[in-house]
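Participant: Here is a sequence with its predicted model. Questions after.
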Amino acid sequence: MEDLLKFKETLTQEGILISFNGSFSNSIIEEIGRAIRTYLQEEKLSSGIISDVFSVYIEQTQNIRNYIELNNLANTLAGEAVVTIAKKNGYYTINSGNSVKKDDVKQLSDYLEKLNRFDKKELRKMYKEQLRKPANPESRSAGLGLIEIARKASERIQYQFQNQNETYDFFNLFVTVKGGE
């Protein structure tokens, strides 16, 4: 990249506070998480806002990492992902993108649509029900990540899938959290 000034101006214009592109390891997720917490604390935001933004970030990045591990995508181009956190007009947007197998797109899309139909009370009930279910040995999580994201979001979860190649689509997840003015 030759024009870092233009890149910086674009980030500023879009309100991007933090952006990461590459492989997500536990240590990268933790380091970025610490940076997010520090930044938000310095902004003198309420602990609730800090918790919501941080929680959405953690759930998104852990979901990506788990998907990559479960599908043996580590150290491949399909195993790389992107996450950004932006602030604009009193809201924080936590956006992520990663490759997903085309075979997984319909199920993921259907699940996100289901979550978007629920109100906060229904999401809380769904979360509690999921906690009581026995763990799926094929999964690396209790299946709570997207439910938790929907619970913290101020608006419906936005998402899209972009054709990447014959095997993968690129999954974009956009989550908005109410922030301070």
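Facilitator: Yes, it's here.

Participant: Please identify the buried residues of stretch 29-42?
Facilitator: Using 16 or more other C-beta atoms under 10 Å as the test for burial, stretch 29-42 gives 29, 32, 36, 39, 40. The way it works is simple: take the backbone N, C-alpha and C, and place the C-beta from them, glycine included.

Participant: tell me the mean pLDDT over that stretch?
Facilitator: For stretch 29-42, the mean per-residue pLDDT is 91.

Participant: And the contacts of that stretch?
Facilitator: With contact meaning C-beta atoms under 8 Å, 6 or more residues apart in numbering, stretch 29-42 is reached by 17-18, 20, 49-50, 53-54, 57-58, 61-62, 65, 83, 85.

Participant: which of those residues count as buried?
Facilitator: Buried among the contacts of stretch 29-42 by 16+ other C-beta under 10 Å: 17, 20, 49-50, 53-54, 57-58, 61-62, 65, 83, 85.

Participant: can you list the weak-confidence ranges in the protein?
Facilitator: When residues are selected by pLDDT under 70, those of the chain lie in 1, 135-143, 180-181.

Participant: at 90 what do you get?
Facilitator: 1-3, 23-26, 39-40, 43-47, 74-79, 89-90, 130-144, 179-181 (pLDDT under 90).

Participant: can you tell me which helix in it is longest?
Facilitator: helix 47-70 (DSSP state H).

Participant: Tell me the strands beside the next helix or strand after that helix, with direction?
Facilitator: Under the assignment DSSP states H and E, the closest C-terminal helix or strand after helix 47-70 is strand 80-88. Sheet pairing of strand 80-88 (DSSP bridges) gives strand 16-23 (antiparallel), strand 91-101 (antiparallel).

Participant: Contacts for strand 80-88, please.
Facilitator: Residues outside strand 80-88 that contact it (C-beta under 8 Å, 6+ apart) are 14-24, 32, 36, 53, 57, 60-61, 64, 68, 92-99, 179.

Participant: Return the distance of the residue nearest the centre of the chain relative to residue 95.
Facilitator: Closest to where the C-alpha atoms of the chain average out (C-alpha atoms, centre = their mean) is residue 60, at 2.8 Å. Per C-beta to C-beta, to the nearest Å, residue 60 is found 8 Å from residue 95.

Participant: Done for today, thanks.
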